[in-house]
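Asks: based on what follows, work out the 3D shape:
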Amino acid sequence: MVDNLNQSVIVLKGIGEETKEALEEMKIFTVQDLLEYFPYRYEDYSLRDLAEVKHEEKVTIEGKVHSEPSLIYYGKKKSRLTFRLLVDRYLIQVVFFNQPYLKNKIMMNEMVTVSGKWDQHRQTISASELKNGQSSHLTEFEPIYALKGKITMKGIRKFISIAFNQFGHLMRETLPESLMKKYKLLNRRDAVRAMHFPDNGENLKQARRRLVYEEFLTFQLKMQGLRKFEREQSQGKEQNYHLEKLKIFIEQLPFPLTNAQKRVVNEILKDLKSTFRMNRLLQGDVGSGKTVVAAIGLYASFTAGFQGALMVPTEILAEQHMESFLHLLEPFGVKCELLTSSIKGKRRKEILEGVALGEINILIGTHALIQDEVIFHHLGLVITDEQHRFGVEQRRILREKGENPDVLFMTATPIPRTLAITVFGEMDVSIIDEMPAGRKVIETYWAKHTMLDRVLTFMEKELIKGRQAYVICPLIEESEKLDVQNAIDVHSTLTHYFNQRYDVGLMHGRLSNEEKEMVMKAFSKNDVQLLVSTTVVEVGVNVPNATIMLIYDAERFGLSQLHQLRGRVGRGNEQSYCILLADPKSEVSKERMKIMTDTNDGFVLSEKDLELRGPGDFFGRKQSGIPEFKVADMVHDYRALETARNDATAMIQLNQFWTSDEYKYLREELMKSGVFEGEKLD
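Replies: Numbering: from 1, shown residues only. Below you'll find the model as predicted:
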């Protein structure tokens, strides 16, 4: 028998072929998988003083039975068992539903322990478990595992216990002794044991602390390893841009740069001149002026004799960037061109030839830019806008166009620091944290649906002044599952309400690109005064005359998405307003509405959004760049994440890391990740 943890679970006593298959459904294939299948929560059976227990919190209490149990049957096979329990100085009511057999176990004046949900107002506990006698026989913390198929809670606990008894002694330490001492961490075997069989709360806390740090450290080593590899192996282009021309270009801009823009421009220019390849993330709130920074970077690269590429997620956004760049760059002799999937035939062929021959200096487009047919003559700088909408693989393909071009990723979705150093940890980060002077703060209000008439009256006052409005809805057509306003219904309602006084346009994802284009052009020219739309306007629509953003069923959106939508207005000189129409049911949704009305700072909002929604949903869908941790939580454990990142950054530079046995396990993990073959991280 091979004596290691990578054997199939079938080597464990009591596990046959059928159980093995059931465990495999839960992605448990080896003994190691089983030992590292950690509980997702724990039932806390430690006794607490009722004075400290919050309303509706789960609690375990111990007391003396103070009344005979009363059993009542109602409905089909339904029952309610009640009795009084004297707990210290409290006399409380205990209720068990549909467990009539417990009646014979409850005796007057006997000590019992019950667990259940505490109703503070009625001084009642809705109990789920009963144990006779003192609580010393109970395990304080009982692990709860995610289950699938035929595996039961009792079963998984038993299998883990068997695995530990049979193979626990083989668990090897993964962290260097120096870090164990520095942070006073449990050894790996004791930590894994305590996760499954905690002796008490403190023991569990220390076990979790150790494993969280280990997970973050191994992940951050991969990120820092990738960064080191890319810097050292992918020699960048030293772009000796023309400083005088660049100064003239910046002086000719229609408005002065903010201090934050100047700082970021200098960071980008320094990267362009460096022999290392730029790999930078540029974060800036809606309206902070990232497009101008991108134009300066592309112009600098152009003066150094290189081509530039800008990739954006939607055709509308590509066209808007094209318009801005023509205005900013063409007077300086820069030839810009647009490439999207809509451009076909002869025109497409001409553009591709122009790019290949170097006649086109800057190519702006959508995913079309990463297709094989696009070949650059001398690509120096690649910029991706709203980069989180492109997967890790798409970012890599664009990066591999040309020979090691400098790469700048831009986003108007402020990414919380915790996410930025996890998902984009291999990048340098620049932040534009200052708004252009004179920009008015958008006033945000939360209104209930019953106040719609007042909202529409207010909207009409703005329309009378010649302004325009966006109206955003979560769905296109009526859905039986979700009671939310849909775009088609709202369009019909508003058309009827404004009764030909104003034109109401409709835009949603099911329209063809040409149809969307027509609607947007009509809105841009003020041929349409109200635009009813789904969230397709979230990114990259610029209509300075629009001053109202009305969002139906705003509780259906995340904070970052609401903030993006709000950023569609406030682009002109007039005061703008964002109205959130919502009747939130949950506390989280109410909190979201309150936060939106309290702050316009996208970075504050992004941190709150991450806290409320969790990392998996932050980008609107599971993102290939977000790692799945077994124990660690990026939001709540962010201090450990930052510590691990700093340690990983320092460690990767140490000679001992590459040679000493102390770092052997971490080194092996790093090599397994494929970082040094330039493969995609898991």
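Asks: in a helix, Ile548, correct?
Replies: No: the assignment for Ile548, made by DSSP: H, G, I helix; E, B strand; the rest coil, is strand rather than a helix.
Asks: checking the nearest residue to it once chain neighbours are set aside next. Helix, strand or coil?
Replies: Among residues not flanking Ile548 along the chain, Ala469 sits closest, at 3.8 Å (C-beta to C-beta, 6 or more residues apart in numbering). All C-beta spots, glycine's among them, are computed from the backbone N, C-alpha and C. Classification of Ala469 using three-state DSSP returns strand.
Asks: could you report the pLDDT at Ala469?
Replies: pLDDT recorded at Ala469 is 95.
Asks: same thing with Leu666?
Replies: On the pLDDT scale, Leu666 is placed at 89.
Asks: run a quick neighbour tally on it.
Replies: 21 (other C-beta atoms under 10 Å).
Asks: would you mind listing the residues in contact with the spatially closest residue to it that is not a sequence neighbour?
Replies: Once flanking residues are discounted, Leu666 sits nearest to Leu221: 6.0 Å by C-beta to C-beta, 6+ apart. Under the criterion of C-beta atoms under 8 Å, 6 or more residues apart in numbering, the contact list for Leu221 reads Ala648, Met651, Ile652, Leu666, Glu669, Leu670.
Asks: the fifth one belongs to a strand?
Replies: Spelled out, it's Glu669. No: assigned with three-state DSSP, Glu669 falls outside any strand and is helix.
Asks: wait, it touches Thr218, no?
Replies: Yes: using C-beta atoms under 8 Å, Glu669 makes contact with Thr218 at a distance of 5.1 Å.
Asks: ok, these two, which is more surrounded?
Replies: For Glu669 versus Thr218, neighbours defined as other C-beta under 10 Å are more numerous around Thr218 (19 against 16).
Asks: find the helix or strand that that one is a member of.
Replies: helix 201-233 (DSSP states H and E).
Asks: buried ones in whichever helix or strand comes after that helix?
Replies: Heading C-terminal from helix 201-233, the first helix or strand you meet, by DSSP H and E, is helix 243-251. Neighbour-count burial for helix 243-251, counted by 16 or more other C-beta atoms under 10 Å, picks out Leu246, Phe249, Ile250.
Asks: and for stretch 272-287?
Replies: 272-273, 277-287.
Asks: filter those down to the ones in strands?
Replies: Among the buried residues of stretch 272-287, DSSP state E puts Asn279, Arg280, Leu281, Leu282, Gln283, Gly284 in strands.
Asks: give the contact list for the last one.
Replies: Taking C-beta under 8 Å, 6+ apart as the definition of contact, the neighbours of Gly284 are Ala260, Val264, Lys290, Val293, Met410, Thr411, Ala412, Ile431, Ile432, Asp433.
Asks: same thing but 7 Å
Replies: Contacts here follow C-beta atoms under 7 Å, 6 or more residues apart in numbering; on that basis Gly284 touches Lys290, Ala412, Ile432.
Asks: looking at these, which one is closest to Asn486?
Replies: Proximity to Asn486 was ranked across those by C-beta to C-beta; first place goes to Ala412, at 26.7 Å.
Asks: tell me the pLDDT of the closest residue to that closest one other than its chain neighbours.
Replies: The spatially closest residue to Ala412, leaving aside those adjacent along the chain, is Val286, at 5.1 Å (C-beta to C-beta, 6+ apart). If you check Val286, the pLDDT there is 75.
Asks: and if you look at Phe306?
Replies: Phe306 is given a pLDDT of 95.
Asks: now it: how far from Leu269?
Replies: 14 Å (C-beta to C-beta, to the nearest Å).
Asks: as JSON lines, the buried residues of stretch 272-287 with distance to Met153 would be great.
Replies: Listed next are the buried residues of stretch 272-287 as JSON lines, based on distance: C-beta to C-beta, whole Å:
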{"residue": "Leu272", "distance to Met153": "58"}
{"residue": "Lys273", "distance to Met153": "61"}
{"residue": "Arg277", "distance to Met153": "51"}
{"residue": "Met278", "distance to Met153": "52"}
{"residue": "Asn279", "distance to Met153": "46"}
{"residue": "Arg280", "distance to Met153": "48"}
{"residue": "Leu281", "distance to Met153": "43"}
{"residue": "Leu282", "distance to Met153": "48"}
{"residue": "Gln283", "distance to Met153": "44"}
{"residue": "Gly284", "distance to Met153": "49"}
{"residue": "Asp285", "distance to Met153": "47"}
{"residue": "Val286", "distance to Met153": "48"}
{"residue": "Gly287", "distance to Met153": "52"}
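Asks: between the residues you listed, which is nearest Asn240?
Replies: Lys273 (6.9 Å).
Asks: got a list of what the closest one touches?
Replies: Lys273 neighbours (C-beta under 7 Å, 6+ apart): Glu238, Gln239, Asn240.
Asks: same thing with Gln261?
Replies: Gly289, Val292, Val293, Ile432.
Asks: so it: helix, strand or coil?
Replies: Per three-state DSSP, Gln261 ends up helix.
Asks: mind checking pLDDT for it?
Replies: At Gln261, pLDDT is 95.
Asks: for Phe159, what are phi and psi?
Replies: phi -60, psi -40 (degrees, to the nearest 10).
Asks: tell me the helix or strand right after the lowest-mean-pLDDT helix or strand in the chain.
Replies: In the chain, no helix or strand scores lower on mean pLDDT, DSSP states H and E than helix 615-618, which sits at a mean of 52. Once helix 615-618 ends, the next helix or strand along the chain (criterion: DSSP H and E) is helix 638-653.
Asks: tell me which strands and helices that following helix is in contact with?
Replies: The helices and strands touching helix 638-653, judged by 3 or more C-beta pairs under 7 Å, 6 or more residues apart in numbering; DSSP states H and E, are helix 201-233, helix 417-423.
Asks: what residues sit buried inside it?
Replies: Buried, per 16+ other C-beta under 10 Å, within helix 638-653: Tyr638, Ala640, Leu641, Thr643, Ala644, Arg645, Asp647, Ala648, Thr649, Met651, Ile652.
Asks: show me where pLDDT drops low in the stretch 151-300 of the chain?
Replies: 230-235 (pLDDT under 70).
Asks: I meant to write the stretch 301-450 of the chain there.
Replies: 387-399, 401-402, 417-418, 421-426.
Asks: going along the chain, name the helices of it.
Replies: Ranges of helices within the stretch 301-450 of the chain are 315-329, 345-357, 392-399, 417-423, based on DSSP state H, counting those that start in this stretch.
Asks: which parts of the helix or strand in which Ile160 is found are buried?
Replies: Per DSSP H and E: Ile160 is located in helix 153-167. By neighbour count on 16+ other C-beta under 10 Å, the buried set for helix 153-167 is Gly155, Ile156, Arg157, Phe159, Ile160, Ile162, Ala163, Phe164, Phe167.
Asks: and the gap between the last one and Met671?
Replies: According to C-beta to C-beta, Phe167 and Met671 sit 25 Å apart.
Asks: ditto for the fifth one
Replies: If you measure Ile160 against Met671 using C-beta to C-beta, the figure is 29 Å.
Asks: cool, and the first one?
Replies: To Met671, Gly155 is 36 Å away according to C-beta to C-beta.
Asks: could you do Asp433 as well?
Replies: In terms of C-beta to C-beta, Asp433 sits 38 Å off from Met671.
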